[in-house]
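A.B. asks: I would like the atomic coordinates for the input below:
(3 chains)
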Amino acid sequence: MTTEKLSTSQEFERQLAALQRVAGVFGAMRKGQDIYDQITHQVVDLLNVEKCAVLLYDPDQQALVGQAPAVGVPTQDIRGYVIPLAEGSPARQFWEVGDSFLVKDIDADPVVQALGLADFAHKVGVKSTMLVGMRLEGQLIGVIQPSNRRDGLPFDETDARLLTIYASQAAVAIENQRLYQAITAERDRLARVLATVQELSTPVVPVLEGILILPLIGFIDTDRAQRIMEGLLNGIVQYRAQVVILDVTGVPVVDTGVADHLVRAARAAGLLGAQPILVGIRPEVAQTIVGLGVHLHEIATRGDLRDGLEYALAVLHRKIVTAEGQHVGR
Amino acid sequence: MEIYRIPILQIEDFLVASIQTPLHDAAAVQFKDDLLERIYSTKARGFVLDLTAIDVVDSFMARIVADVAEMAGLMGAHVVVTGLQPAVAISLVELGVEMAGVTTALDLDRGIRILRELVAPEREQADG
Amino acid sequence: MADSLHIPVLSDLDIVMARVEGRHMARDLGFGVIDQARIATAISELSRNIVLYAGTGTITLRPIETPQRRGLEIVCADTGPGITDVNLVMREGYSSRRGLGMGLPGTRRLMDEFEIRSRPGEGTVITARKWLR
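C.D. replies: Numbers count the residues shown, from 1 in each chain, chains lettered A, B, ... in the order given. A predicted model of the protein is given here:
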C-alpha cells in the first residue's frame, strides 16, 4: 500500500517536472522560423534522441506524410516517408485508437514488417522508434516520431507520456501557423485588390499633348480627396501636363469639405506649372466655392468638358501660365 | 561662420540656380541677397530657381521665394520656379501658404522655355 | 523601433536639423513621401515658431503605437511668453508678423491630431500626431 502511494506521488512529480520542461522548451518557439525544424530539434533535446521527424495526416492520400526538415534524416528521404492509413492498413488501428506506438526493435516488430517500412528504417539508420499522436480538439492531425535514444535503451512509457504532453502543444502551434499563413495570404490578396480599386477610382486621363483630364466620380471623402490630389500631381509629372481639367460633373455632393480639397488640388497643380480648369460645376456648387472665400479668378472654370478642352487648347496655344491663372502674352 | 553659397549659373542671358541642400534661414537670406546682386550686375532678363532637390518648403522658404520673384520683377527680371515635388506642393497648399504671383514650371527645360517666351516680346518691343 | 529624439531649438540651424530628423523618423516608420513632407513641414513650422516667439524650446519626436496602428508624435515645448488667445491663433487667416503669422491652422491641417496648451507668461506645449494609413 505504502509503496503504491509512493510511486503514485513519484509519478506525479515526474509528470509535473515533464510539464515544466515542455513549457520551458515550448516557450522558446520563434515565429517565422520553420516550425518542423523547431519541433524536431526541441524533441531531440527533450528526449535526448538522435533523430526526430514530424508526419502530418494527408486526407487525400489517407496517409501520414513526412515533413521536412527532420533531424537525422535527409530531406529527400523524409519527403518520401509515407505511412498508409487506409482501411485494412495495419497502422489504422493505432490511428483510430492509440496515442502512442512504441517500437523496441525494428526488425522484430510485426507492424513495421507489415507496413514494409523495415527497409526504409535501415536506410536512414533507425534502430528503435516511437510514434506519438498530435491531437487538435480530439482529432489526430499527425505524429511526432523520435528515434534512437542516445543511451541506447528502448523508448518507455515515461517517454511516451512526456512526448504526448509536448505533442498536444505542437499540434496547436502547427495549426496556428497554418491559420497565420492563410490569413497573411488573404490579407495580401485583399491589399492587391484594394490597390487596383484605388488606382481605378483616381484615374488621370492624358489627352493630346500636355492636357490631363481628371474625371471625378462618386462621393469624395478626405481620404479619397488626398489620394486624388496625389494621383493628380503624379500624373502631371508623369505626363508633363501643362493644363489639367478637373471634371466634377459626376460628383453628387460638393460641400465645403470637398470644395476645399478641390481648390487645394487646383492650387497644387498650379505649383507644378499646370493650369487647373474646373468643369461641371453646378450653380449650388459655385456658391459653396465662393462662400469659401476663394477668388474664382484663381481657377479657371468652364461649363462642361468640351468647353474645358477648347479652353485648354487655347491656353496651350498661348503657352504662358502663371500661378494665378492669368495670361501673360502678346 | 562660413555659409554655403548656392552657385548661380548663366544660361543664355538668364540666370539659373538649383538648390541642392536643406537651407537654414540665414543661408536662404544670403542666397536672396546674392541673387538680386547678380541680377543687377548681369542685367539678367530672367532667372530660373530649381527646387527639384528640395523635399521640404515651409512658410519661411515660400516667403523668400515670393519675395525674390517680386524684387527681381522690380529689377526687370522674370522669375520661374521649377521642380517643385508633388509632396512639397501638397504640403504648401495644405499649410495654406500661397506663392501668389510666382510663375512655376515642371522642370528646368520648361522654365527656360517660358522665360524665352516671356522675354522675346519685350525684346521685340525694345528693338522697335 | 527608434526611441524618442529630443532636439533643443535655439536657432534656424536647429529648425533644419529637426525637420531632417523628423523626415528620417517618418520614413523609417513607413510613412510615404507625401506624409514625410507633411510631417517635416509641420516640424519646420512649429520649431520656427519657437525661434520667433519664445527664443528657445525643445522639439521631441517619438514613434507611437496603439494595438491598431502606428504613427509619429511631435511635442513642441517652450517657456516663452505663451499664447494669450489660443482660439485667435487657431483661426484661419490670423497673422501676427509680416504676414507670416504662426501658421498654426495650416500646421494642424498637415497632421491628424493637434493640441495646444499655453499659459501666458509660462509657455506653450503643442502636441501633434500623424498616423500611418
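
A.B. asks: Residues of chain C that sit close to chain A?
C.D. replies: Remark: the part of chain C in contact with chain A comprises C:34, C:133, using CB under 8 Å from any CB of the partner chain. The way it works is simple: take the backbone N, C-alpha and C, and place the C-beta from them, glycine included.

A.B. asks: So which residues of chain C form strands?
C.D. replies: Secondary structure of chain C, counting by DSSP state E: strands at C:5-9, C:57-65, C:70-78, C:113-119, C:123-131.

A.B. asks: and if you look at chain B?
C.D. replies: Chain-ordered strands for chain B, with DSSP E as the definition, fall at B:8-11, B:14-18, B:46-50, B:78-82, B:103-105.

A.B. asks: Could you do chain A as well?
C.D. replies: Taking DSSP E to define them, one finds strands in chain A at A:49-58, A:63-71, A:82-84, A:100-103, A:129-136, A:139-149, A:205-207, A:211-217, A:243-250, A:275-279, A:300-302.

A.B. asks: and among those strands, the most buried is which?
C.D. replies: Each of the strands of chain A was scored by mean neighbour count; the highest is strand A:275-279, a mean of 25, by mean count of other CB atoms under 10 Å in any protein chain shown.

A.B. asks: Can you tell me the closest non-neighbouring residue to the residue in chain C that chain A sits nearest to?
C.D. replies: Chain C approaches chain A most closely through residue C:34 (5.8 Å), counting by CB to the nearest CB. Take residue C:34 and drop its neighbours on the chain: the residue closest to it by CB to CB, 6 or more residues apart in numbering or on different chains is residue B:87, 4.5 Å away.

A.B. asks: In this structure that neighbour contacts residue C:36, no?
C.D. replies: Yes: between residue B:87 and residue C:36 a contact is recorded at 7.0 Å, counting by CB atoms under 8 Å.

A.B. asks: Pull up the overlap in contacts between the two.
C.D. replies: Residues touching both residue B:87 and residue C:36 by CB atoms under 8 Å, 6 or more residues apart in numbering or on different chains: residue B:55.

A.B. asks: Residues of chain B that sit close to chain A?
C.D. replies: B:82, B:84, B:86, B:88-90, B:92-94, B:98-106, B:110, B:114, B:117-118, B:121.

A.B. asks: the helices in the stretch 1-150 of chain A, which residues?
C.D. replies: A:2-27, A:35-47, A:75-79, A:92-96, A:110-115, A:118-124 (DSSP state H, counting those that start in this stretch).

A.B. asks: highest average neighbour count across those helices?
C.D. replies: Comparing those by mean neighbour count (mean count of other CB under 10 Å), helix A:35-47 comes out on top with a mean of 20.

A.B. asks: List of residues touching that one?
C.D. replies: Contacts of helix A:35-47 with the rest of the structure, by CB under 8 Å, 6+ apart, involve A:21-22, A:25-26, A:28-30, A:49-54, A:67-72, A:144, A:146, A:149, A:159, A:162-163, A:166, A:170, A:173-174, A:177.

A.B. asks: Just want the angle from it to strand A:129-136.
C.D. replies: 120 degrees (axes from the mean of the first three to the mean of the last three CA atoms, to 10 degrees).

A.B. asks: C-alpha coordinates for helix A:35-47, PDB please?
C.D. replies: Taking Å, rounded to 0.1, in the frame of the first residue of the first chain, the C-alpha atoms of helix A:35-47 are listed here in PDB:
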ATOM      1  CA  ILE A  35       8.000  25.100 -37.400                       C
ATOM      2  CA  TYR A  36       9.000  21.500 -38.200                       C
ATOM      3  CA  ASP A  37      12.600  22.500 -37.700                       C
ATOM      4  CA  GLN A  38      11.800  23.800 -34.300                       C
ATOM      5  CA  ILE A  39       9.600  20.900 -33.200                       C
ATOM      6  CA  THR A  40      12.100  18.200 -34.300                       C
ATOM      7  CA  HIS A  41      15.000  20.000 -32.600                       C
ATOM      8  CA  GLN A  42      13.100  20.500 -29.400                       C
ATOM      9  CA  VAL A  43      12.000  16.900 -29.200                       C
ATOM     10  CA  VAL A  44      15.600  15.800 -29.800                       C
ATOM     11  CA  ASP A  45      16.600  17.900 -26.800                       C
ATOM     12  CA  LEU A  46      13.600  16.900 -24.700                       C
ATOM     13  CA  LEU A  47      14.100  13.100 -25.100                       C
END
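
A.B. asks: circling back to that earlier point, lowest mean pLDDT across the strands of chain B, which one is that?
C.D. replies: Ranked by mean pLDDT, the strands of chain B bottom out at strand B:8-11, which scores a mean of 89.

A.B. asks: how about that strand: buried residues?
C.D. replies: Using 16 or more other CB atoms under 10 Å in any protein chain shown as the test for burial, strand B:8-11 gives residue B:8.

A.B. asks: Could you export it as CSV, CA atoms only?
C.D. replies: Taking C-alpha atoms only, strand B:8-11 is exported to CSV below (Å, rounded to 0.1, in the frame of the first residue of the first chain):
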residue,chain,number,x,y,z
ILE,B,8,24.2,80.8,-59.7
LEU,B,9,24.9,79.9,-63.3
GLN,B,10,24.3,81.7,-66.5
ILE,B,11,22.5,80.1,-69.5
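
A.B. asks: Show me what that strand packs onto, helices and strands only.
C.D. replies: Based on contacts counted as 3 or more CB pairs under 8 Å, 6 or more residues apart in numbering or on different chains; DSSP states H and E, the elements that strand B:8-11 packs against are strand B:14-18, helix B:25-42.
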